[in-house]
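**Q** below is the sequence, then the predicted model.
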Amino acid sequence: MDKYSVRLDPEERIDLQRLVATGKAAARRLVHARILLLADQEDCSDEEIVSALGIGLRTVERVRKRLVTEGLEAAIDHKPQPPRPEKIKIRGAVEQKLVELACSEPPRGRCHWTLRLLADEMVVLGLADSLSTETVRQALKKTISSHGS
């Protein structure tokens, strides 16, 4: 892997030092700022940064690369995960069926639907191969229906 050279302007260095000194930021942002401050020193290797901060070598490499290719703010800020629509198991008609099921009468012997009961019923009905309670919870949370009424 290419090693990206970190060279901070004096004002960038001061901003990062101020950020680290106050400590009033997200932990990831503070760690990335510390990585950049240490990487800017000539005599500090990536292995020394890893041992000093207790992070992974790949993190140091990624932060270096983002500084050089995208700039200082991108290097210290969190890069959100890209959306993964193929991971969504419940959508469209299946989601509608889940809401209908949750609003219907619960099975005999039960006073209300639980997330586990809903997930199991969706599998029994053949609407999904398998569902976790968390998937059911997230799908129901998106709706405006009141689960208890």
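**A** All right, it came through fine. Model, not experiment: these values are computed from the prediction.

**Q** tell me the helices in this structure, going along the chain?
**A** 10-22, 27-39, 46-53, 57-70, 72-76, 93-103, 115-124, 133-142 (DSSP state H).

**Q** now render those helices as CSV, adding mean neighbour count and distance to residue 87.
**A** From N, CA and C alone the C-beta is placed, and that goes for glycine too. Formatted as CSV, these follow (neighbours: other CB atoms under 10 Å; distance: least, CB to CB, whole Å):
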stretch, mean neighbour count, distance to residue 87
helix 10-22, 13, 34
helix 27-39, 19, 23
helix 46-53, 15, 32
helix 57-70, 17, 23
helix 72-76, 17, 26
helix 93-103, 16, 14
helix 115-124, 17, 16
helix 133-142, 16, 10
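
**Q** adding distance to residue 3, write those helices out as TSV.
**A** Shown next, in TSV, are the helices of the chain (distance: least, CB to CB, whole Å):
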stretch	distance to residue 3
helix 10-22	20
helix 27-39	10
helix 46-53	8
helix 57-70	7
helix 72-76	15
helix 93-103	48
helix 115-124	48
helix 133-142	41
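
**Q** for residue 78, which non-adjacent residue is closest in space?
**A** Spatial nearest neighbour of residue 78, excluding adjacent residues (CB to CB, 6 or more residues apart in numbering): residue 28 at 5.6 Å.
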